[in-house]
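> Turn this into a model:
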Amino acid sequence: MSRIGRKPIPVPKGVEVKIDGNSVTVKGPKGTLSDTFNPDMHIEQLGEEIIITRPSDRKDHRSLHGLTRSLLGNMVVGVSEGFKKDLEINGVGYRAAKQGKDLVMNLGYSHQVIMPEIDGISIEVPAPNKITISGPDKQKVGQFAANVRGHRPPEPYKGKGIKYAGEVIIRKEGKAGKGR
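Next comes the predicted model:
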């Protein structure tokens, strides 16, 4: 049995779960998320827990079991606590600012990089070299953070660029003089 799939999902207070066949809607203080899962997986709510069971031990059922539990668990955590990604900007003249609902970044290009805030995501810029992306949907938060980072990923020589907070950039040695 899947170690992840067999763990029940605790439903915290203030979170409402509505299960309709293979579609699940989760409402909480941070928002509402809904998703449709594979019809082979059996999702049921018993008291303050959600339990996912699989019909057989076939390989595809085993892999869907853990996936369904993880996605549903992320939905419950997202509407109750939310998810957050922190980004850091390193480099001379590299900075970010928030103008209205847009994230405006100076990243060493001849132009500013402007990224509009998408629905379900909130962007904060507590300092010119820090960006915080938060929201209830873990996939949207992670994808938006990856899109921001993709505009100027950190380079290995000086470490300039946008990196996740806590990310370790493996540095390379620059050009060395030839041996004599």
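> C-alpha only now, for contacts and for neighbours.
Noted.
> quick one: low-confidence parts of the protein?
The chain contains residues with pLDDT under 70 at 1-2, 177-180.
> can we see that at 80?
In the predicted model, the chain carries pLDDT under 80 at residues 1-2, 176-180.
> all strands for it, in order.
Along the chain, counting by DSSP state E, strands occupy 9-10, 16-20, 23-28, 31-36, 42-46, 49-53, 83-90, 95-99, 102-106, 113-116, 122-127, 130-135, 161-164.
> Reformat these as CSV; add mean neighbour count and distance to residue 174.
Below are those laid out as CSV (neighbours: other Cα atoms under 10 Å; distance: least, Cα to Cα, whole Å):
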stretch, mean neighbour count, distance to residue 174
strand 9-10, 18, 50
strand 16-20, 15, 55
strand 23-28, 18, 51
strand 31-36, 16, 48
strand 42-46, 16, 55
strand 49-53, 18, 53
strand 83-90, 20, 18
strand 95-99, 19, 25
strand 102-106, 18, 26
strand 113-116, 15, 29
strand 122-127, 16, 30
strand 130-135, 22, 27
strand 161-164, 24, 17
